[in-house]
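**Student:** my questions concern the predicted model and sequence given below.
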Amino acid sequence: MSQTTHKAEFKAVDRSLYLAMDLGWTQWHLAFTTEVGQKPRLRTVQARDLSALQGEIQRAKERFHLPAQARVASCFEAGRDGFWLHRYLLSIGVESRVVDSSSIEVNRRRRRAKTDRLDAIKLVLLLRRYEAGEEAREKVWSVVRVPSVAAEDLRQLGRELESLKKERTEHSNRIRALLAAQGVDLGTGASALRRSFDPLRLWDGSELPPVLRARLEREQQRLEFAEVQIQELEQQRKEQVKSPVSRAEEQVGKLLQLRAIGIKSAWLFVSEFFSWRDFRNRRQVGSLAGLTPTPYTSGDLHHEQGISKAGNPRIRAMAIEISWGWLRWQPDSELSQWFWARFGKAGGRSRKVGIVALARKLLVALWRYLETGVVPAGAQLKPA
């Protein structure tokens with residue numbers, strides 16, 4: 001066997017198959033390639049047809065003359081389909097990357113062609129660059145950290161409570177709006193929404209129209225049902241924190257020891273952020289919360305565009321809300337003193353900028369508190 005044949009065989013065995021998927025609800029568009037400059041192989045399969053997907057992977061290996069055991073690297077954009085496909089690909093030996101769609105570089109022309117097939121081709125070319133070890137990989141795209149099944153499940157309780165509270169507000173506002181359209185004031189307070197509609201009268205003293213009244217009663221029933229479920233879930237959350245059986249529940253209890261931290265914020269911080277992410281430094285904490293500044297500098301033009309907002313929006317909103325509470329309930333802490341020294345004499349807009357900076361510092365302090373047990377400087381714990 002000649003030396004040329006040996007080199008060709010070694011190159012074939014060493015090559016990898018690269019697969020990018022554009023996931024639609026009815027169809028998945030697949031793009032395969034093995035090297036730079038090669039025309040991608042395009043295929044379409046029915047969405048969620050895993051046997052068809054695995055068959056296309058095998059046929060792509062045959063098409064590109066790869067051995068059956070050749071390495072396969074894949075990617076798809078994070079979205080509605082979640083992470084189950086990532087877990088399936090790993091289970092069949094395929095390396096998987098879940099990509100943050102907002103981080104993918106795009107052509108900045110005002111009008112550019114966009115189809116699912118073109119998106120798949122773009123992804124597979126970027127995957128080839130990423131896997132080739134291109135310098136500054138983060139410039140290609142950002143890879144999403146995939147939570148475990150247990151970590152993902154932990155978020156369900158808090159998110160369901162959030163949805164139920166929004167439903168409760170919607171039902172309350174709808175009842176008041178329907179009555180306001182008839183010139184009827186239901187009164188203030190949550191108890192007013194539970195009253196009977198019998199005493200209510202229109203402007204001329206007549207009773208509520210029968211169809212409107214029936215609709216109001218159904219809205220009231222849905223409101224009461226949402227309130228019952230909210231109470232049940234809140235009680236379940238309290239019991240889990242009271243008798244922790246997991247590291248995440250212990251972390252919630254630890255955060256609750258600090259003044260200004262309630263069960264809602266503690267549960268959200270842990271389930272959405274601290275329990276399943278391994279932060280290496282404070283910069284990662286601020287970046288993943290979307291609280292890092294984004295300067296814009298070009299020639300003589302210099303200005304700040306605000307925070308990046310690239311992270312978890314729930315964490316970002318709660319961190320800013322808790323920061324206001326921290327100023328009230330932890331006035332002697334170093335963080336509060338830093339805020340008042342720097343922004344105490346400033347106007348409203350400057351204080352808004354300052355509270356975002358405080359939120360970033362507070363998140364870092366809470367992360368260190370959970371990791372090392374060191375209480376934020378000057379902060380007070382709740383009495384036992």
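**Tutor:** Yes, it's here.
**Student:** in this structure Val375 contacts Tyr369, no?
**Tutor:** Yes: using C-beta atoms under 8 Å, Val375 is in contact with Tyr369, at 6.2 Å. (Glycine included, C-beta is placed from N, CA and C.)
**Student:** who has more neighbours out of those two?
**Tutor:** Legend: neighbour count by other C-beta atoms under 10 Å for Val375 and Tyr369, higher for Tyr369 (19 against 15).
**Student:** got the contact list for that one?
**Tutor:** By C-beta atoms under 8 Å, 6 or more residues apart in numbering, the residues touching Tyr369 are 254-255, 258, 375-376.
**Student:** of those, grab the buried ones for ChimeraX.
**Tutor:** Buried members of the contacts of Tyr369, defined by 16 or more other C-beta atoms under 10 Å, are picked up in ChimeraX with:
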select :254,255,258,376
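**Student:** mind listing the helices for the protein?
**Tutor:** 3-14, 50-63, 84-91, 116-131, 149-180, 210-242, 247-255, 263-269, 282-288, 313-329, 334-343, 348-372 (DSSP state H).
**Student:** chain center to the second one: distance?
**Tutor:** Using C-alpha atoms, centre = their mean, to the nearest Å, the distance from the centre of helix 50-63 to the centre of the chain it belongs to is 32 Å.
**Student:** residue closest to the middle of the protein?
**Tutor:** When C-alpha atoms, centre = their mean is applied to the chain, the residue found nearest the centroid is Asn312 (4.5 Å).
**Student:** wait, that residue sits on Leu288?
**Tutor:** Yes: proximity of Asn312 to Leu288 meets the contact threshold set by C-beta under 8 Å, at 7.0 Å.
**Student:** what sits in contact with each of these two?
**Tutor:** Phe273.
**Student:** what's the local residue count around Leu66?
**Tutor:** The burial count for Leu66: 20, using other C-beta under 10 Å.
**Student:** check Lys238 too.
**Tutor:** Lys238 is flanked by 11 other residues according to other C-beta under 10 Å.
**Student:** next one: the one 10 residues further on
**Tutor:** If you count neighbours by other C-beta under 10 Å, Ala248 ends up with 18.
**Student:** wouldn't it be in contact with Leu154 here?
**Tutor:** Yes: in this structure, Ala248 is within contact of Leu154 by C-beta under 8 Å, at 5.7 Å.
**Student:** what residues do these two have in common as contacts?
**Tutor:** 271, 275-276.
**Student:** show me what counts as buried in stretch 113-131.
**Tutor:** Across stretch 113-131, burial judged by 16+ other C-beta under 10 Å covers 119-128, 130-131.
**Student:** please tabulate the residues you listed in CSV, including the columns pLDDT.
**Tutor:** As requested, those are exported to CSV (pLDDT from 0 to 100):
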residue, pLDDT
Asp119, 89
Ala120, 92
Ile121, 92
Lys122, 92
Leu123, 93
Val124, 94
Leu125, 91
Leu126, 91
Leu127, 92
Arg128, 90
Tyr130, 88
Glu131, 86
